[in-house]
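Participant: what's the 3D shape of this:
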Amino acid sequence: MEVLRKNGVSSSFVFPLVSVASRPDYVSGATFAAGDVKILRHTGGVWNVANVGTLPTEISTTGVYYMPLTATELTPDDIVYPVVIKIVDQTSPKIWDDTAIIVTFKTADDVAAILVDTALVKGYTDTIEGVLGTPVGASLSADIAAVKADTVLIKGYTDTVEASLTTALADLVLIKGYTDSVEASLTTLLADSTTVKADLVLIKGYTDTVEASLTTALADLVTIGADAVLIKGYTDTVEASLTTALADLVTLKADTGVIQGYTDTLEASLTTALADLVLLKGYTDTLEASATTLLADTVTLKSDTSTIKSDLTTTKNNSATIVGKLPLSSDAMAGDLDVKDIKAKALVIYTALPAQTATIASQDDVLAIQNNTNFSASIIQEIIIPVAPDVKWIPISVQLRDSGGAPEDPDSNELTVQMRCDTDLVNYTDLYDELGGASLIGSTTFTPDFYLLKKIDTGIYEAWIKVVDTITEGSYTFTFKYKEATVVQIYTRNTAIMTEAPTVNIEIANSPTNQAVIAQAMRDIDISDTPTTTGSVLKTIIDEMGIIINKLPSGTISDLSLSTTVESITISEMFSMLMAMFNGNYTINTETGMVTFFKRDDITPLSIVKVTETQRERQLLPS
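Facilitator: Next up is the predicted model:
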């Protein structure tokens, strides 16, 4: 069993013991003596063997044992060397099978890079959050689309405001004409009566004041019209330069609504002024105050627009830097030629072979079990915990085949699985029959928390794991049980669920350019342990190769072996290169353009590629 730990940090380990007398059952109540558990550690330039400091203890009566190791016991003189925990029963006869735990470590460079990148991301995040805020439910792609839509809407509002202000200006000119007519009528009334004349003199004073106020309002509206034109110009500039941003325009839309409200109030005030000259001065004062507020809001909007433009320019420059480090589209075919060549040769071989069948049973992950049934299970080695509210769905695929390689169902006609967290020893129950589907049905044969896998076809079963941000980080053990005749068959697989900095592992888009980069990087590399992905071109090639092998006559199986050479490369190496492209374990340093690919243990480097705008440089690793 191989596990991943951090160098020089104390940690604990959980492992089962398999009974020698009744395999594959576990041993409960095992007693450990000094020397049963030894730790092999490379220190002082040589391998040293010593007894472990603390012997294991059983977890209840499960046959699973718990053992802590100190920081010193987990510190080799060089982290390229693993620490090996050897567990051997010294009694005769032995009670349990010999077993070992291989502990590998993350490199210091990876940890330093994670810390540097994390600090850099935090700085960028703090800067963006300080400028743009962190609204609830913000999403980059969705908010960019909302920004563009709202920008178009704002432009429409601005054009509407400009048109409304133009109309208001015309209305004010008309009002001035009405006011002049009123002034003439009041002058005529003044000649009819001394009392009326005195009242009209007073009215004329009000009218003159109204006229002056309207003149001021007219000037302010002209200024507002000019500012609105300026706002439209800034809005058009923002729309043209906006390539990417995370912005909250809720406040901006609210301000636009306020502007529209002010315009409506202005129009209503002017209409009322025509009907009631006595109250016109009050409405005009309100209009002037509203126009002043509108002008102040316009100045604020102009300032905010300038800030957004500056931030977007910075974001655009950063995006340009990142894009500049990506491979060119013209390189798309460079790394894919090997794949196309392999697929073409496979099709030629397939067409030429006779229609006979033979079976080649060679698979490292297949274990022979009772009644000649072969069991294989596929589970991802590492699962990264998503950030809320995201959810990850992880598949579990299991196959059963008879000695001839044909799919076969278990005698009990049910295949069950239990998922257990080794960190807090709790069974995990979020298991489903398909992505986003219904929960798995509990088993009535095996307990506790064993669930029936969904049967896809004869001998093919699957389940899905739902991973959310609240899941416990740590190692998980999958226990599979089913019956062959009256014998219970038990198999285990392991995975690790962990958090990881978002800038350390970057998921590359499924584009021809990125496929070419991966293809070139993985040439001449041993990646034989890497699984393929259903639906991919390489999975199709491997399936076709399986059909080819099955078509070989029984007397010619040896003619096509893993050591057969095609154009100076063996079929084994050819498959290794194909599998590497689906490993998915890589890190990208966006500053240096270095892409590092790892084996399935996510520690051992396979290849390092430097990607720039003009070159693809692969660094050979020491063998």
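
Participant: so where is the stretch 301-450 of the chain shaky, pLDDT-wise?
Facilitator: 301-302, 304-305, 308-309, 311-372 (pLDDT under 70).

Participant: could you pull out the helices in it for me?
Facilitator: 337-352 (DSSP state H, counting those that start in this stretch).

Participant: the chain now?
Facilitator: 108-132, 140-192, 194-241, 250-275, 277-324, 337-352, 512-521, 537-551, 571-580 (DSSP state H).

Participant: what is the least confident helix or strand in the protein?
Facilitator: In the chain, no helix or strand scores lower on mean pLDDT, DSSP states H and E than strand 367-369, which sits at a mean of 37.

Participant: where in the stretch 451-600 of the chain is pLDDT low?
Facilitator: 501-539, 542, 549-562, 567-569, 572-585, 599-600.

Participant: 80 - rerun?
Facilitator: 485, 500-587, 590-591, 593, 596-600 (pLDDT under 80).

Participant: ranges for the strands of it?
Facilitator: Under the criterion DSSP state E, counting those that start in this stretch, the stretch 451-600 of the chain carries strands at the ranges 451-452, 454-457, 460-467, 474-484, 487-498, 565-566, 569-570, 586-589, 594-598.

Participant: nearest to V229, out of these?
Facilitator: strand 586-589 (46.7 Å; CB to CB). C-betas here are computed from N, CA, C, even on glycine.

Participant: quick one on the thing from earlier: export the strands of the stretch 451-600 of the chain to JSON lines and tack on distance to L174 and mean neighbour count?
Facilitator: Conversion of these to JSON lines gives the following (distance: least, CB to CB, whole Å; neighbours: other CB atoms under 10 Å):
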{"stretch": "strand 451-452", "distance to L174": "80", "mean neighbour count": "22"}
{"stretch": "strand 454-457", "distance to L174": "77", "mean neighbour count": "14"}
{"stretch": "strand 460-467", "distance to L174": "68", "mean neighbour count": "20"}
{"stretch": "strand 474-484", "distance to L174": "78", "mean neighbour count": "20"}
{"stretch": "strand 487-498", "distance to L174": "74", "mean neighbour count": "17"}
{"stretch": "strand 565-566", "distance to L174": "91", "mean neighbour count": "12"}
{"stretch": "strand 569-570", "distance to L174": "89", "mean neighbour count": "15"}
{"stretch": "strand 586-589", "distance to L174": "67", "mean neighbour count": "20"}
{"stretch": "strand 594-598", "distance to L174": "71", "mean neighbour count": "20"}
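
Participant: contacts only, for Q399.
Facilitator: F375, S376, A377, P407, G459, I460, Y461 (CB atoms under 8 Å, 6 or more residues apart in numbering).

Participant: how about 10 Å then?
Facilitator: Shown in contact with Q399 (CB atoms under 10 Å, 6 or more residues apart in numbering): 366, 374-378, 407-408, 456-457, 459-462.

Participant: how far away is it from V299?
Facilitator: Using CB to CB, to the nearest Å, Q399 is found at 70 Å from V299.

Participant: ok, now R401?
Facilitator: Applying CB to CB, the value for R401 to V299 is 76 Å.

Participant: kindly report the same for V611.
Facilitator: Separation of V611 from V299 (CB to CB): 47 Å.

Participant: check G44 too.
Facilitator: For G44, the distance to V299 (CB to CB) stands at 73 Å.

Participant: who's more crowded, these two?
Facilitator: Counted by other CB atoms under 10 Å, G44 and V299 do not tie: V299 has more neighbours, with 11 against 8.

Participant: number of residues surrounding the residue lying closest to the more buried one once chain neighbours are set aside?
Facilitator: What sits nearest to V299 in space, not counting adjacent residues and going by CB to CB, 6 or more residues apart in numbering, is D227, at 8.0 Å. Other residues within reach of D227, judged by other CB under 10 Å, total 19.

Participant: how about P82?
Facilitator: With neighbours defined by other CB under 10 Å, the count for P82 comes to 21.

Participant: does it really touch M1, like I thought?
Facilitator: No: P82 is not in contact with M1 according to CB atoms under 10 Å; the separation is 11.9 Å.

Participant: what's the overlap in contacts for the two?
Facilitator: I101, I102, V103.

Participant: separation between T286 and T265?
Facilitator: In terms of CB to CB, T286 sits 7 Å off from T265.

Participant: show me the contacts for the residue nearest to K94 when sequence neighbours are not counted.
Facilitator: The shortest distance from K94 to any non-neighbouring residue, by CB to CB, 6+ apart, is to V20 (5.1 Å). By CB under 10 Å, 6+ apart, V20 lies in contact with V27, D89, P93, K94, I95, W96, D97, D98.

Participant: in PyMOL, how would I select the buried members of those?
Facilitator: In PyMOL syntax, the buried subset of these is picked out as below (16 or more other CB atoms under 10 Å):
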select buried, resi 27+89+96
